[in-house]
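**Q** Have a look at this prediction, sequence included:
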Amino acid sequence: MQSQLRLALPAFALLAACNAGSGASAQQQAPAADADAAPFTMTQVADFDSPWAMAFLPDGRMLVTEKAGKILLVSADGKTQQTLASVDVVFQGQGGLLDVIPAPEFAKSHLVYYTYAEPRPEGSSLALARATFFDGATPTLTNPQVLWRAGSDGKGGQFGAVIAFAPDGKSLFLTSGERQRFTPAQDPNQALGKILHLTLDGKPAPGNPWAGKQGSPTVTVTDPPKNTELARTAPSHAQTVEGPNLAPAATWTLGHRNPYGLVFDGGGRLWEVEMGPKGGDEVNLIVKGRNYGWPNVSNGDNYDGTPIPDHKAGDGYEAPKVFWNPSISPGGMVYYTGTMFPKWKGSLLIGALSDRGLIRVALSGDKASKADQWKLNMRIRDVVQGPDGAVWLLEDAGKTNGRLFKLIPKK
């Protein structure tokens, strides 16, 4: 199916926790330091309107999304920007144009994948799409195709929307938030509150935990739980299915709230970071078929103060490897493999929105621990490793411009 991209140029040009058994490392607080004490210097490279994600192309140029709907091509030095495409999105609250990433074999396929809040008859739905990068005199994205939709159209934020390609490049993983509705995260018939494993064409990948299983054709929520963020204002939410309901067959894990980071480490383990409610932000090791507990358990509480049972041994849910309480509001995440910052190699670097900084989580096999926390006085939406091992930070400044910074070691 064709996604809704508006033509703006002639011809092809498109302006298109932890439980008690998780270890003390999950609870210790990393020492916080301000930017002056950080081991890096920050240089502003560019600024954008409400940016959300960025990714490098093989030649060093960057793709950047702006939530209002633009996919930008940015020069390696950040001095020039071109609009590759304008995507028709629901730009409201947490919705809009979200993640972007080139395909694993981009040099051959020229494909770019992206996610967004798609306008639907009953509100919006998370959509996964791809388009072909045409690198001519006027670079554009052509032949846009919607590959997958979350369904359960309606109101709400918390889209998740982060893409991670499998290490072999033959499939992808996609985070799908629960849209501030709580219960869908535990509903096998809905794709909300899940991590999905899909083929490169957006179909359920072979070998998934519930491969071949189809869900009910429609699911309607008529009475949202009292403690949801949308309580008393949420309409009914219908699971809109265009053909068979393949949500169960596509599901890899369930019980997620709002996963904003998803990366593979050097050993092929899949790590995720997600926003908890009031407290309880989590780093999780993602294991096939596991249930991560939301909304039944959390190391945070509801925003109205209603408590949620904490993770505990034997509760049947997978506990986080690291959690934060109070919240840091994690944004994007990268697994660092470069040599520019030797101490960081093999670590997770996580952007913090409410904590306004950068956080490092050290990994050792299937274990994680808090390592460093730098206060930068800005909301960090995305964290990316550059081709030379530098670290790039994308700022979320709300409705104002968001800046792009390059981090290199202090001399």
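**A** Good, I have the coordinates.
**Q** quick one: low-confidence parts of the stretch 301-411 of the chain?
**A** 399-400 (pLDDT under 70).
**Q** And the strands in it, which stretches?
**A** 322-324, 330-335, 347-352, 357-364, 367-375, 380-385, 391-395, 401-409 (DSSP state E, counting those that start in this stretch).
**Q** I'd like to know which of those strands lies nearest to residue 269.
**A** Evaluated with C-beta to C-beta, the strands of the stretch 301-411 of the chain place strand 357-364 nearest to residue 269, the distance being 8.3 Å. Where you see a C-beta, it was placed from the backbone N, CA and C, and this is true even at glycine.
**Q** The closest one pairs with which strands?
**A** Looking at strand 357-364 with DSSP bridges, its partner strands are strand 347-352 (antiparallel), strand 367-375 (antiparallel).
**Q** Would you convert those into a markdown table that also reports mean neighbour count?
**A** Shown next, in a markdown table, are the strands paired with strand 357-364 (neighbours: other C-beta atoms under 10 Å):
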| stretch | mean neighbour count |
| --- | --- |
| strand 347-352 | 26 |
| strand 367-375 | 20 |
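**Q** need those strands in TSV with distance to residue 194, can you?
**A** Converted to TSV, the strands paired with strand 357-364 look like this (distance: least, C-beta to C-beta, whole Å):
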stretch	distance to residue 194
strand 347-352	21
strand 367-375	22
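**Q** Quick one: closest of those to residue 37.
**A** strand 367-375 (7.7 Å).
**Q** Check the spacing between residue 199 and residue 164 real quick.
**A** Remark: distance between residue 199 and residue 164 (C-beta to C-beta, to the nearest Å) = 14 Å.
**Q** between these two, who's got more neighbours?
**A** residue 164 (22 against 15; other C-beta atoms under 10 Å).
**Q** Let me see the contact set for the residue lying closest to residue 396 once chain neighbours are set aside.
**A** With sequence-adjacent residues excluded and distances taken as C-beta to C-beta, 6 or more residues apart in numbering, residue 396 is closest to residue 381, at 3.6 Å. Residues in contact with residue 381 (C-beta atoms under 8 Å, 6 or more residues apart in numbering) are 51, 52, 53, 331, 332, 351, 353, 394, 395, 396, 402.
**Q** try residue 256
**A** Per C-beta under 8 Å, 6+ apart, neighbours of residue 256: 160, 175-178, 185, 193-195, 272, 274, 292, 294.
**Q** So it: helix, strand or coil?
**A** coil (DSSP: H, G, I helix; E, B strand; the rest coil).
**Q** By residue count, what's the longest strand in this protein?
**A** Determined from DSSP state E, the single longest strand within the chain is strand 123-134.
**Q** For that one, output the C-alpha coordinates as CSV.
**A** Coordinates of each C-alpha in strand 123-134 appear next as CSV, following Å, rounded to 0.1, in the frame of the first residue of the first chain:
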residue,chain,number,x,y,z
GLY,A,123,-7.6,8.9,15.2
SER,A,124,-4.1,7.5,14.5
SER,A,125,-2.0,4.4,14.4
LEU,A,126,1.7,3.6,14.4
ALA,A,127,2.8,2.8,10.8
LEU,A,128,6.1,1.4,9.5
ALA,A,129,7.0,2.4,5.9
ARG,A,130,9.9,2.4,3.6
ALA,A,131,10.9,4.4,0.5
THR,A,132,13.7,4.4,-2.0
PHE,A,133,16.5,7.0,-1.8
PHE,A,134,17.2,8.6,-5.1
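**Q** Summarise which helices and strands it is packed against.
**A** strand 111-120, strand 140-149, strand 160-165 (3 or more C-beta pairs under 8 Å, 6 or more residues apart in numbering; DSSP states H and E).
**Q** which of the residues in the first one are buried?
**A** It refers to strand 111-120. In terms of neighbour count (16 or more other C-beta atoms under 10 Å), strand 111-120 has its buried residues at 111, 112, 113, 114, 115, 116, 117, 118, 119, 120.
**Q** The residue nearest to the first one when sequence neighbours are not counted: neighbour count?
**A** Right, residue 111. In this structure, residue 111 finds its nearest non-sequential neighbour in residue 103, 4.0 Å apart by C-beta to C-beta, 6+ apart. Residue 103 sits with 19 neighbouring residues when counted by other C-beta under 10 Å.
**Q** how about residue 103, what does it touch?
**A** Applying C-beta under 8 Å, 6+ apart, the residues near residue 103 are 109, 111, 112, 113, 130, 165, 169, 200.
**Q** Can you spell out which residues form a bridge with the fifth one?
**A** With DSSP bridges as the criterion, the beta-bridge partners of residue 130 are residue 113, residue 145.
**Q** That one: neighbour count?
**A** That count, for residue 130 with other C-beta under 10 Å as the rule, works out to 23.
**Q** That one is in contact with residue 142, isn't it?
**A** No. Using C-beta atoms under 8 Å, residue 130 makes no contact with residue 142, being 11.0 Å away.
**Q** Not counting sequence-adjacent ones, nearest residue to residue 380?
**A** residue 351 is the one closest to residue 380 (C-beta to C-beta, 6+ apart), at 3.2 Å.
**Q** My error: substitute residue 76 in the last question.
**A** Nearest to residue 76 is residue 60, by C-beta to C-beta, 6+ apart, at 3.9 Å.
**Q** show me what contacts that neighbour?
**A** Residue 60 touches 76, 386, 387, counting by C-beta under 8 Å, 6+ apart.
**Q** any chance of the buried residues of strand 111-120 in a markdown table, with pLDDT too?
**A** Formatted as a markdown table, those follow (pLDDT from 0 to 100):
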| residue | pLDDT |
| --- | --- |
| 111 | 98 |
| 112 | 98 |
| 113 | 98 |
| 114 | 98 |
| 115 | 98 |
| 116 | 98 |
| 117 | 97 |
| 118 | 96 |
| 119 | 95 |
| 120 | 93 |
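**Q** Now flag whichever of those is closest to residue 369.
**A** residue 115 (30.5 Å).
**Q** contacting residues around the closest one?
**A** Contacts of residue 115 (C-beta under 8 Å, 6+ apart): 98, 99, 100, 126, 127, 128, 129, 159, 161, 162, 163, 174.
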